[in-house]
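S.K.: coordinates for the following, if possible.
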Amino acid sequence: MTATPPASPVRIYGPEHDADPRRSYDLLRLQGPVGLAEISPGVVVHLVTDYRAALDLLHDTDTWSKDTRPWMDQVPADSPLMPHVQWRPSLFFADGAQHAHLRSVITDSFRLLDPHDVRNLTFRYADTLLQQFAMDGEADLVAQYAQQLPLMVFNALFGMPDEYAPRLMQALSGMVSSDPAQMAAGAQSLNEYLTSLYAAKAQQRGHDLTSWFIDHPNGLSPEDVLQQVIIVLGAGNEPLTNLIASTLARMLSDDRYFGSLTTGSLPIQHAIDEALWNDSPLANYSLHFPRQEVEFYGTVIPAGSPVMVSYAAANSCPHSNPPNEGHRSGNKAHLAFAAGPHACPARSTAVLVATAAIERLTSYLPDIKLAVSSAELAYRGGPIYRSLTALPARFTPLHPRRHESPSQRQSPKPAAAVAVSLPG
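M.R.: You can find the predicted model right below:
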């Protein structure tokens, strides 16, 4: 093979990228379907920005491996990337039979969840959060709603009492801190949470994911069970938070949705689809490594070199978008959360939670609107996620009725779950 001439890596982190990621992707496209991107100081990967190339890579398990271990010495130990790329004995970093063995545990367990129960569970925790700010007339829908609700739901799906949810939130918040001491404290808190979780479920099973992981016929060890819990949290929490926030931002800034917030689930489904196409909550991920030197879409990639997929760039690729690109609100062909064998094993549950969360908020606060212009919304730094830092909103304060709590109000008509993917 003829070596590909080196190009200057395009930085996909920092203030300039955060302010205008599409500029970064346009620069990468000048290098072809696969470009060089710097994802952290000194850490360079090949980044796939073409829709068709991304699909081909994500479906080809013969050429590519997900095992990050041979590459880990190239990532500084204190890099903020480390939590996302460090190898674990989980389906995220497994290939072949081992991946299928672990993935089936998660897919089988999520199939046991009753969508009606998950929907009502989401409503219940949404009500809890709404009660905390609905009388104020204003709120930050990221910090006070979108960041908290998924973890409350996950905590319950794992089978833990509600009082453990704040511990889980505190642990994960510490782990993403830039302060090493807080990161260490967060890791310790998560370890304590996981230890309590396994001890409780080992002693008494319940109708929950952890119990089903333990009892699955594939026979996971205690460590493997907890690794799958970690993966569900890692794959589900941040993207789900971002999906709720970005969909709300789109609905509250677009008159096509604002005029009909309480008319049913259809506008919400359209807003979710558009958010997944245009603001992929997981912007760049899915690390792959060629098992041997390969020429991929005109780029020669040495064996073991990291290749990452840009879901955000692939979705906006001008060269190879899927059919009906002019009607994306009804098109589920986006790559917002991967595809192929490593696509999300819990995609329907993820969007069911997001849909219920948005339905509940907009039905309770029907006149809610952005407190700032959409141009003033800012995004948190980092190459992996597309995360709003805040979503300030204002609304008419809701005065509680004397004999009726929010959970007693009539729920919106149930919506059909929409399929999206969180990578596995």
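S.K.: so for the residue most central in space within the chain, what's the pLDDT?
M.R.: Nearest to the mean C-alpha position of the chain, by C-alpha atoms, centre = their mean, lies Pro239 at 1.8 Å. Looking at Pro239, its pLDDT reads 91.
S.K.: ditto for Ala339
M.R.: 81.
S.K.: kindly report the same for Gly381.
M.R.: On the pLDDT scale, Gly381 is placed at 70.
S.K.: what's the closest non-adjacent residue to it?
M.R.: With C-beta to C-beta, 6 or more residues apart in numbering as the criterion, Gly381 has its nearest non-adjacent residue at 5.1 Å, and that residue is Asp18. C-beta here means a position set from N, CA and C on the backbone, and glycine is covered the same way.
S.K.: next one: the helix or strand where that neighbour lies to chain centre, how far?
M.R.: Using DSSP states H and E, the element containing Asp18 is helix 15-19. Distance, stretch centre to chain centre, for helix 15-19: 20 Å (C-alpha atoms, centre = their mean, to the nearest Å).
S.K.: now stretch 141-159
M.R.: Distance, centroid of stretch 141-159 to centroid of chain: 13 Å (C-alpha atoms, centre = their mean).
S.K.: ok, now stretch 185-198?
M.R.: From the chain centre to the centre of stretch 185-198 is a distance of 21 Å (C-alpha atoms, centre = their mean).
S.K.: measure the residue nearest to the centre of the chain to Gln170 for me?
M.R.: Pro239 sits 20 Å away from Gln170, taking C-beta to C-beta, to the nearest Å as the criterion.
S.K.: follow-up on the earlier one: just the CA trace of whichever helix or strand comes after the helix holding Asp18, in PDB.
M.R.: The C-terminal neighbour of helix 15-19 among helices and strands, as given by DSSP H and E, is helix 21-29. C-alpha atoms of helix 21-29 as PDB (Å, rounded to 0.1, in the frame of the first residue of the first chain):
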ATOM      1  CA  PRO A  21     -18.000  22.100  15.700                       C
ATOM      2  CA  ARG A  22     -19.200  22.100  12.100                       C
ATOM      3  CA  ARG A  23     -16.200  24.200  11.100                       C
ATOM      4  CA  SER A  24     -13.900  21.400  12.500                       C
ATOM      5  CA  TYR A  25     -15.800  18.700  10.600                       C
ATOM      6  CA  ASP A  26     -15.600  20.800   7.400                       C
ATOM      7  CA  LEU A  27     -11.800  21.100   7.800                       C
ATOM      8  CA  LEU A  28     -11.600  17.300   8.400                       C
ATOM      9  CA  ARG A  29     -13.600  16.600   5.200                       C
END
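S.K.: give me the contacts around helix 21-29.
M.R.: With contacts defined as C-beta atoms under 8 Å, 6 or more residues apart in numbering, helix 21-29 is touched by 10-12, 16-17, 35-37, 47, 49-50, 283, 310, 312-313, 316-317, 386.
S.K.: redo that, cut-off 10 Å
M.R.: Outside helix 21-29, the residues within contact range by C-beta atoms under 10 Å, 6 or more residues apart in numbering are 7-14, 16-18, 20, 34-37, 46-50, 278-280, 283-284, 310, 312-319, 379, 383, 386.
S.K.: now do it, average pLDDT.
M.R.: For helix 21-29, mean pLDDT rounds to 94.
S.K.: which positions within it qualify as buried?
M.R.: Buried positions in helix 21-29, judged by neighbour count with 16 or more other C-beta atoms under 10 Å: 21, 24-25, 27-29.
S.K.: show me what secondary structure element comes after the lowest-mean-pLDDT helix or strand in the chain.
M.R.: Least confident helix or strand, the chain: helix 255-258 with a mean of 72, by mean pLDDT, DSSP states H and E. Scanning forward in sequence from helix 255-258 by DSSP H and E, the next helix or strand is helix 266-278.
S.K.: what lines up beside the helix or strand that comes right after that following helix in the sheet?
M.R.: Downstream of helix 266-278, the first helix or strand assigned by DSSP H and E is strand 284-290. Here strand 284-290 is paired, per DSSP bridges, with strand 64-65 (antiparallel), strand 307-310 (antiparallel).
S.K.: how far away from the center of its chain is strand 284-290?
M.R.: Relative to the chain's own centre, strand 284-290 is displaced by 16 Å; criterion: C-alpha atoms, centre = their mean.
S.K.: mind starting the numbering at 39 from now?
M.R.: Happy to do that; since the first residue is 39 now, the last one works out to strand 322-328.
S.K.: number of nearby residues for Ala219?
M.R.: Ala219 has 9 neighbouring residues, counting by other C-beta atoms under 10 Å.
S.K.: to clarify, my last question referred to His245.
M.R.: What His245 shows, counting by other C-beta under 10 Å, is a neighbour count of 12.
S.K.: do Ala57 as well
M.R.: Ala57 has 11 neighbouring residues, counting by other C-beta under 10 Å.
S.K.: now swap in Val82 and tell me
M.R.: Look at Val82: counted by other C-beta under 10 Å, it has 17 neighbours.
S.K.: run the angle between the helix or strand hosting it and helix 59-67 for me.
M.R.: For Val82, the host element (DSSP H and E) is strand 81-86. Inter-element angle recorded for strand 81-86 and helix 59-67: 80 degrees (by axes from the mean of the first three to the mean of the last three C-alpha atoms, to 10 degrees).
S.K.: I'd like the mean pLDDT over strand 81-86, please.
M.R.: 96.
S.K.: direction included, what does it pair against?
M.R.: The pairing partners recorded for strand 81-86 under DSSP bridges are strand 72-78 (antiparallel), strand 345-348 (parallel).
S.K.: for Ser234, which of these is the nearest?
M.R.: strand 72-78 (33.1 Å; C-beta to C-beta).
S.K.: quick revisit: what is the least confident helix or strand of the chain packed up against?
M.R.: Helices and strands touching helix 293-296, by 3 or more C-beta pairs under 10 Å, 6 or more residues apart in numbering; DSSP states H and E, are helix 260-291, helix 304-316.
S.K.: grab the nearest non-local neighbour of the residue nearest to the centre of the chain.
M.R.: Pro277 sits nearest to Pro319 (C-beta to C-beta, 6+ apart), 4.3 Å away.
S.K.: circling back: determine how far the least confident helix or strand of the chain lies from the middle of the whole chain.
M.R.: Worked out by C-alpha atoms, centre = their mean, helix 293-296 lies 25 Å from the chain centre.
S.K.: what lies in contact with it?
M.R.: For helix 293-296, the external contacting residues (C-beta under 10 Å, 6+ apart) are 285-286, 288-290, 301, 305-306, 308-309, 312, 367, 400, 405-408.
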